[in-house]
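Chemist: give the three-dimensional model of this entry:
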Amino acid sequence: MSALVILLALPLLGAMAAVALPPRAGRLAALFAVAGSTAAALWLTVQVAAQGVIRLELGGWAPPLGIALEVDGLAATMICMAALVVLCVALVALPIMAPDKAGARAAFGFWPLMLMLWAALNSVFVSRDLFNLYVGLELLSLAAVALVAIGGKPAAITAAIRYLFFALAGSLLYLAGVVLIYAAHGTLDIGLLARRVAAPTDPLALALMTAGLMAKTALFPFHVWLPPAHAGAPAPASAMLSALVPKASFVILLRLWFEAMPELATETALLIIALLGTGAVFWGSLRAMAQSRLKLIVAYSTVAQIGYLFVAFPLAGEGSTGVPWAAGAWNGAVFLAISHGLAKSAMFLAAGQWMMVTSSDRLDDLRGMAQAMPMTAFAFALSAVTLTGLPPSGGFTGKYLVMTAAFASGQWGWALVMAAGGLLAVAYLYRPLALIFTPGDVARGILPSRAWQAVPLLLAGASVLLGLASAPPFDLLAIGRPGAAEDGL
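Modeler: This next block holds a predicted model:
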């Protein structure tokens with residue numbers, strides 16, 4: 001319980017301290033909050049693995065009068081992944097977001113916004129109340145929009161305004177669904193909603209909430225805010241925006257469809273979700289192939305990778321009887337989400353380090369980077385292995401689980417989508433990799449230290465280790481897994 005409280009409170013306290021204290025002391029307070037919250041996240045994950053689901057009813061009041069927080073295997077896995085990403089982002093951000101590099105305003109605002117974003121993420125992962133989830137999403141969106149515009153460049157501000165529009169539209173749609181749910185059932189607790197008597201407005205409420213969350217997840221065709229936002233934000237902010245922010249709304253979608261309202265998952269609804277995911281895979285991949293800037297390639301890759309998560313939805317559909325492959329599809333989607341978070345944050349942090357050296361993220365300026373910064377280049381290459389789904393990475397494990405479920409259920413078309421997406425990923429990631437490993441001249445006097453270069457390598461290595469040692473996270477995800485994820489929607 002204490003670890004859960006620390007995980008929710010310490011980032012907020014650190015954000016307040018980063019604002020109130022002088023700049024140097026504020027950065028130290030932020031780093032202390034990052035270190036303490038990371039330790040709490042790891043300890044909480046160990047406790048869930050050892051004891052099972054951890055539940056906290058705020059004020060001792062049980063739902064529907066009170067609000068419950070719950071850490072199951074899905075929440076613990078996401079919390080652990082987010083902690084590792086934020087820790088590495090903070091380490092890389094120390095030189096990148098220094099006042100002499102990023103400017104006084106960005107250097108001051110980055111640390112409280114980073115901690116606010118992390119606190120919002122943690123609250124979303126553990127909340128069981130639909131309105132509490134809305135509050136977490138709003139805090140997350142506000143922090144993310146501010147991080148996009150923090151540099152003050154006109155293009156970044158325009159991208160932030162576009163992001164804000166989609167975030168507000170998604171929030172309004174989600175909130176409209178929450179209102180319908182409360183009007184029909186008098187509760188917003190996910191556990192109580194799973195035992196409710198169905199109401200005529202439930203399908204409309206679920207559709208509204210799903211549409212709003214898709215906009216926040218940047219699923220095709222609601223993705224148009226994501227590439228310019230990632231391209232305009234500083235690299236440490238882009239790492240969090242790509243790796244973590246879309247995962248919050250995706251986790252809520254899993255809660256809604258597999259826990260709160262699994263009986264509403266009709267064949268048509270699941271097909272529509274998967275078709276949108278398929279569109280994301282192909283459109284994001286094709287757009288990534290047409291870019292000449294590294295950050296835009298990585299950003300459009302995020303659009304494509306998010307599509308994989310939604311292709312798994314129809315594979316968990318049961319029809320009239322339970323199916324043994326539903327758990328594989330659910331686990332595969334979560335594995336893909338975690339692998340993407342680790343690999344994509346490593347890519348953006350590597351891009352940020354290269355941009356400090358070259359002052360550009362254009363592909364033609366990347367020649368010689370493997371010679372000058374071999375550890376960072378290796379991190380980018382390992383991340384590419386994960387995103388293309390090659391063994392032994394976590395991306396391979398996730399794709400293997402989803403494709404196995406596709407063949408077992410006879411829906412082999414979705415397996416072809418996964419395979420085609422992997423081939424397209426090879427195509428758009430080959431260009432930056434080829435240029436990085438092409439000999440060229442880089443000014444060695446401004447190269448960062450090897451210890452600093454090792455930070456993205458830690459994230460990329462974790463994405464590969466997820467596939468090599470997949471049994472512990474696989475067992476962790478089974479803790480508190482909803483029945484619909486076991487037997488099918």
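Chemist: what residues are up against residue 228?
Modeler: 155, 158, 159, 162 (CB atoms under 8 Å, 6 or more residues apart in numbering). Yep, even glycine has a C-beta here, placed from its N, CA and C like the rest.
Chemist: show me the shaky parts of the protein.
Modeler: Where the chain drops to pLDDT under 70, the residues are 1, 318-322, 442-445, 489.
Chemist: again, 80 this time
Modeler: 1, 59, 98-104, 151-152, 317-326, 359-360, 440-449, 484-489 (pLDDT under 80).
Chemist: among the contacts of residue 228, which lie within strands?
Modeler: Among these, no residue falls in strands (DSSP state E).
Chemist: including distance to residue 299 and neighbour count, could those residues go into a markdown table?
Modeler: Formatted as a markdown table, these follow (distance: CB to CB, whole Å; neighbours: other CB atoms under 10 Å):
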| residue | distance to residue 299 | neighbour count |
| --- | --- | --- |
| 155 | 13 | 11 |
| 158 | 15 | 15 |
| 159 | 11 | 23 |
| 162 | 13 | 17 |
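Chemist: so which of those residues are in helices?
Modeler: 155, 158, 159, 162 (DSSP state H).
Chemist: any chance of those in TSV with distance to residue 170 as columns?
Modeler: Converted to TSV, the ones in helices among the contacts of residue 228 look like this (distance: CB to CB, whole Å):
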residue	distance to residue 170
155	23
158	19
159	16
162	13
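Chemist: can you classify residue 251 by secondary structure?
Modeler: helix (DSSP: H, G, I helix; E, B strand; the rest coil).
Chemist: let me know how buried it is, in neighbour terms.
Modeler: By the measure other CB atoms under 10 Å, the count of residues near residue 251 is 23.
Chemist: measure it to residue 133 for me?
Modeler: Distance, residue 251 to residue 133, by CB to CB, to the nearest Å: 9 Å.
Chemist: who touches both of the two?
Modeler: residue 124.
Chemist: separation between residue 358 and residue 384?
Modeler: From residue 358 to residue 384 the distance is 20 Å (CB to CB).
Chemist: what's the answer for residue 19, then?
Modeler: Distance from residue 19 to residue 384, by CB to CB: 38 Å.
Chemist: got the phi and psi for residue 292?
Modeler: phi -110, psi 0 (degrees, to the nearest 10).
Chemist: relative to residue 262, how far out is it?
Modeler: In terms of CB to CB, residue 292 sits 45 Å off from residue 262.
Chemist: same question, residue 162
Modeler: Relative to residue 262, and taking CB to CB, residue 162 is found at 34 Å.
Chemist: cool, residue 253 as well?
Modeler: Taken as CB to CB, the span from residue 253 to residue 262 is 12 Å.
Chemist: tell me who's in contact with residue 316.
Modeler: Here residue 316 is in contact with 258, 270, 326, 329, 330, 405, 484, 485, 488, 489 (CB under 8 Å, 6+ apart).
Chemist: just the ones of those residues in helices?
Modeler: 270, 326, 329, 330, 405, 484, 485.
Chemist: quick one: buried ones out of the residues you listed?
Modeler: Among the ones in helices among the contacts of residue 316, those classed as buried by 16 or more other CB atoms under 10 Å are 270, 326, 329, 330, 405, 484, 485.
Chemist: which one is residue 101 nearest to, not counting chain neighbours?
Modeler: residue 95 (6.7 Å; CB to CB, 6 or more residues apart in numbering).
Chemist: does that neighbour touch residue 107 like I think?
Modeler: No: counting by CB atoms under 8 Å, residue 95 does not reach residue 107; the two are 10.8 Å apart.
Chemist: those two: which has the busier surroundings?
Modeler: Legend: neighbour count by other CB under 10 Å for residue 95 and residue 107, higher for residue 107 (20 against 16).
Chemist: angles on the backbone of that one, please.
Modeler: According to degrees, to the nearest 10, residue 107 has phi -60, psi -40.
Chemist: residue 20 versus that one, what's the distance?
Modeler: 16 Å.
Chemist: which residues touch residue 27?
Modeler: Counting by CB under 8 Å, 6+ apart, residue 27 has contacts 18, 94, 111.
Chemist: out of the contacts of residue 228, the closest to residue 41 would be?
Modeler: residue 159 (30.1 Å; CB to CB).
Chemist: is the spatially closest residue to that closest one that is not a sequence neighbour in a helix, a strand, or coil?
Modeler: Using CB to CB, 6+ apart and skipping the chain neighbours, the partner closest in space to residue 159 is residue 228 (3.9 Å). Of the three states, residue 228 takes helix under three-state DSSP.
Chemist: could you measure from residue 228 over to residue 212?
Modeler: Taken as CB to CB, the span from residue 228 to residue 212 is 21 Å.
Chemist: ok, residue 254 to residue 470 distance?
Modeler: 19 Å.
Chemist: are we agreed that residue 55 is in a helix?
Modeler: No: with three-state DSSP as the criterion, residue 55 is located in strand rather than a helix.
Chemist: pull the CA atoms of the helix or strand harbouring residue 208 into CSV?
Modeler: Assigned by DSSP states H and E, residue 208 belongs to helix 202-217. This file holds the C-alpha atoms of helix 202-217, laid out as CSV (Å, rounded to 0.1, in the frame of the first residue of the first chain):
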residue,chain,number,x,y,z
ASP,A,202,-24.7,0.8,-23.0
PRO,A,203,-23.7,0.2,-26.6
LEU,A,204,-23.8,3.9,-27.4
ALA,A,205,-21.8,4.7,-24.2
LEU,A,206,-19.2,2.2,-25.1
ALA,A,207,-19.0,3.5,-28.7
LEU,A,208,-18.5,7.1,-27.5
MET,A,209,-15.9,6.2,-25.0
THR,A,210,-14.1,4.0,-27.5
ALA,A,211,-14.0,6.7,-30.1
GLY,A,212,-12.7,9.2,-27.6
LEU,A,213,-9.9,6.9,-26.5
MET,A,214,-9.0,6.0,-30.1
ALA,A,215,-8.4,9.7,-30.7
LYS,A,216,-6.1,9.9,-27.7
THR,A,217,-4.3,6.7,-28.7
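Chemist: other SSEs contacting that helix?
Modeler: Using 3 or more CB pairs under 8 Å, 6 or more residues apart in numbering; DSSP states H and E, the elements in contact with helix 202-217 are helix 130-149, helix 154-185, helix 245-255, helix 267-289.
Chemist: quick one: buried residues of it?
Modeler: In helix 202-217, counting by 16+ other CB under 10 Å, buried: 202, 205-206, 208-217.
Chemist: can you check stretch 290-301 too?
Modeler: For stretch 290-301, by 16+ other CB under 10 Å, it's 291, 293, 294, 295, 296, 297, 298, 299, 300, 301.
Chemist: want to throw the contacts of residue 27 into CSV with neighbour count?
Modeler: CSV is the format used below for those (neighbours: other CB atoms under 10 Å):
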residue, neighbour count
18, 26
94, 13
111, 26
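Chemist: so which of those is the closest to residue 236?
Modeler: Once CB to CB is applied, the member of the contacts of residue 27 that ends up nearest residue 236 is residue 94, at 9.4 Å.
Chemist: and the strands in the protein?
Modeler: Using DSSP E, strands in the chain cover 54-57, 68-71.
Chemist: JSON lines for these, including distance to residue 9?
Modeler: Putting those into JSON lines (distance: least, CB to CB, whole Å) gives the following:
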{"stretch": "strand 54-57", "distance to residue 9": "12"}
{"stretch": "strand 68-71", "distance to residue 9": "12"}
